[in-house]
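Novice: Sharing a sequence plus its predicted fold:
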Amino acid sequence: MSFDFDSFPDRRETSSTKWNRYAGRDVIPMWVADMDFRCAPPIVEALRARVEHGIFGYTDPPAALAPTVCDALARDYGWRIEPDWIIWLPSLVVGLNVVSRALAADHEEVLTGTPIYPPFLSAPVNAGRKVITVPLTLSAGGTRWEWDWPALEAAVTPHTRLLLLCHPHNPTGRAWTRAELEQLAQFAARHGLLVASDEIHCGLMLDAQRTHVPFASLDADTAARTVTLMSASKTFNLPTLGCAFAIASDAQLRARVRRAMAGIVHHVGGLGYTATLAAYRDGQAWQQALLDTLRGNRDLVQAQLGSMAGLRTWHVEATYLAWIDARELGDASPAQRFESAGVGLYDGAAFGAPGFLRLNFACPRPLLREALERMRTALHR
Ligand SMILES: Cc1ncc(COP(=O)(O)O)c(C=O)c1O
């Protein structure tokens, strides 16, 4: 079956956050992480049928949903979980805020590696917890971002309680290897840390020979200290439908998560459940076609940026996000330079890395080509 990744309807008509930012200006938006692709036809069909029903009353998770998620995780990653390990959430960022409250006590420390998706830095602070950041480091040869193990060890104090892991990693595009995950698991065990593993990008593995390894699937001890956060929304482009979930094999961790949610976190909307069920049950053919498209886009981005003096980027193993070092340009705000030339990139400062940029390449190839041309022009200004 073939799917259309070459065109998309005008998103400004839908008050799109991504496109609204540059309303009335000729700026190609490549900042926030959603895709300029219509989602999988089986999801649109399931939503259409649900909308046709016409009654949108309070809705429980459909009976088929948790077993379908379990089957999908076993099918895609060989990870076996039980339906009652799942807690439904209205978004993954809500999940990051909930685990910051649930898994660390007042004034305990939450550890994470930078650069990092901004809510990793704000969620612990929202919860009154202290956030400790440890910069990732470049490998020998500079080909990929890695954990700085000595720095991670040095950052731990008796008050450190929770490790917030982003896997695959936004913004560097790393899909941590099993060896790296095992080292993280040993580190967490040695220091008695709980772990919240945000795996929202797990369906976007671009290195075709690799498979996502859920952190909690490593072994029973790791599972017992981990809350995994997932959602179909990144892979299937559904963020406005508001459905995510936490997975914890440990009943006490689940109870702590539920207590932190009680009375505050809204239930998931019925359309979110409908779309999530269709995605995990019927979305595979579309997902494979999407990954082929994204691989081509990634290769184009890498080739083009690689030939632009003053910019440096890295191979994206997973996600549709390229991380760019623009410090050599010497600009106070490199994002401003590219915005003036008609490309809206995400400023790395929000990720804890001023001088860097994040480029979202999930759009039709002609639009991506145009954006890359504009970036090249911007360098000559
Ligand atoms: C690592 C990561 N977590 C969470 C989110 C947002 O998830 P949600 O829209 O479900 O809150 C994103 C969005 O880009 C993300 O990259």
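Specialist: Perfect, I can see it now. Numbering: from 1, shown residues only.
Novice: Please name the residues that touch Ala105.
Specialist: Contacts for Ala105 were tallied using Cβ atoms under 8 Å, 6 or more residues apart in numbering; they are Arg161. From N, CA and C alone the C-beta is placed, and that goes for glycine too.
Novice: Which residue is the nearest non-sequential neighbour of Asn97?
Specialist: Ala123 (4.5 Å; Cβ to Cβ, 6 or more residues apart in numbering).
Novice: end-to-end on stretch 219-236?
Specialist: Across stretch 219-236, the terminal residues are separated by 29 Å (Cα to Cα, to the nearest Å).
Novice: Just the buried residues of that stretch, please?
Specialist: 222-223, 225-236 (16 or more other Cβ atoms under 10 Å).
Novice: could you pick out which of these are near the ligand?
Specialist: Ser231, Ser233 (Cβ under 6 Å from any ligand atom).
Novice: Narrow the buried residues of stretch 219-236 to those in helices?
Specialist: Thr222, Ala223, Ser233, Lys234, Thr235, Phe236 (DSSP state H).
Novice: how far away is the last one from the ligand?
Specialist: Computed with Cβ to the nearest ligand atom, to the nearest Å, the distance linking Phe236 and the ligand is 12 Å.
Novice: Pretty sure that residue sits against Arg281.
Specialist: No: contact criterion Cβ atoms under 8 Å: Phe236 and Arg281 do not qualify, at 11.5 Å.
Novice: Can you list the buried residues in stretch 266-279?
Specialist: 267-279.
Novice: Among these, which one sits closest to the ligand?
Specialist: Using Cβ to the nearest ligand atom, the shortest approach to the ligand within the buried residues of stretch 266-279 belongs to Gly272, at 9.9 Å.
Novice: Not counting sequence-adjacent ones, nearest residue to Ser7?
Specialist: Pro364 (6.2 Å).
Novice: what does the stretch 1-150 of the chain put close to the ligand?
Specialist: So the stretch 1-150 of the chain meets the ligand at Ala33, Ser91, Leu92, Val93, Tyr117 (Cβ under 6 Å from any ligand atom).
Novice: Secondary structure element holding the fourth one?
Specialist: In the assignment (DSSP states H and E), Val93 maps to helix 92-102.
Novice: residues in contact with that helix?
Specialist: 89, 110, 119-120, 123-124, 126-127, 129, 162, 164, 196, 198, 200, 227, 229-231, 233, 244, 246, 253, 256-257, 259-261, 265.
Novice: ok, back up a step: could you dump the buried residues of stretch 266-279 into JSON lines with pLDDT added?
Specialist: Listed next are the buried residues of stretch 266-279 as JSON lines, based on pLDDT from 0 to 100:
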{"residue": "His267", "pLDDT": "92"}
{"residue": "Val268", "pLDDT": "97"}
{"residue": "Gly269", "pLDDT": "97"}
{"residue": "Gly270", "pLDDT": "97"}
{"residue": "Leu271", "pLDDT": "98"}
{"residue": "Gly272", "pLDDT": "98"}
{"residue": "Tyr273", "pLDDT": "98"}
{"residue": "Thr274", "pLDDT": "98"}
{"residue": "Ala275", "pLDDT": "98"}
{"residue": "Thr276", "pLDDT": "98"}
{"residue": "Leu277", "pLDDT": "98"}
{"residue": "Ala278", "pLDDT": "98"}
{"residue": "Ala279", "pLDDT": "98"}
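Novice: Can you lay out those residues as a markdown table showing distance to Ile28?
Specialist: Shown next, in a markdown table, are the buried residues of stretch 266-279 (distance: Cβ to Cβ, whole Å):
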| residue | distance to Ile28 |
| --- | --- |
| His267 | 37 |
| Val268 | 33 |
| Gly269 | 31 |
| Gly270 | 34 |
| Leu271 | 29 |
| Gly272 | 29 |
| Tyr273 | 34 |
| Thr274 | 32 |
| Ala275 | 27 |
| Thr276 | 30 |
| Leu277 | 34 |
| Ala278 | 30 |
| Ala279 | 27 |
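Novice: Narrow those residues to those in helices?
Specialist: Gly270, Leu271, Gly272, Tyr273, Thr274, Ala275, Thr276, Leu277, Ala278, Ala279.
Novice: before we move on, the earlier item: tell me which two of the buried residues of stretch 219-236 sit farthest apart.
Specialist: Maximum pairwise distance among the buried residues of stretch 219-236 (Cβ to Cβ): 29.3 Å, between Arg225 and Phe236.
Novice: Export only the CA atoms of the helix ranked longest in the chain, formatted as PDB.
Specialist: In the chain, ranked by residue count with DSSP H as the criterion, the top helix is helix 284-306. Presented in PDB, the C-alpha positions along helix 284-306 are these (Å, rounded to 0.1, in the frame of the first residue of the first chain):
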ATOM      1  CA  GLN A 284       2.200  -0.700  11.200                       C
ATOM      2  CA  ALA A 285       2.200  -0.500   7.400                       C
ATOM      3  CA  TRP A 286       1.900   3.300   7.600                       C
ATOM      4  CA  GLN A 287       4.600   3.500  10.300                       C
ATOM      5  CA  GLN A 288       7.100   1.500   8.100                       C
ATOM      6  CA  ALA A 289       6.400   3.900   5.100                       C
ATOM      7  CA  LEU A 290       6.800   6.900   7.400                       C
ATOM      8  CA  LEU A 291      10.200   5.500   8.600                       C
ATOM      9  CA  ASP A 292      11.400   5.100   5.000                       C
ATOM     10  CA  THR A 293      10.400   8.700   4.300                       C
ATOM     11  CA  LEU A 294      12.100  10.000   7.500                       C
ATOM     12  CA  ARG A 295      15.300   8.000   6.700                       C
ATOM     13  CA  GLY A 296      15.500   9.800   3.300                       C
ATOM     14  CA  ASN A 297      14.900  13.200   5.000                       C
ATOM     15  CA  ARG A 298      17.500  12.500   7.600                       C
ATOM     16  CA  ASP A 299      20.100  11.600   5.000                       C
ATOM     17  CA  LEU A 300      19.300  14.800   3.100                       C
ATOM     18  CA  VAL A 301      19.600  16.900   6.200                       C
ATOM     19  CA  GLN A 302      22.900  15.300   7.100                       C
ATOM     20  CA  ALA A 303      24.400  15.700   3.600                       C
ATOM     21  CA  GLN A 304      23.200  19.300   3.300                       C
ATOM     22  CA  LEU A 305      24.200  20.500   6.800                       C
ATOM     23  CA  GLY A 306      27.400  18.600   6.600                       C
END
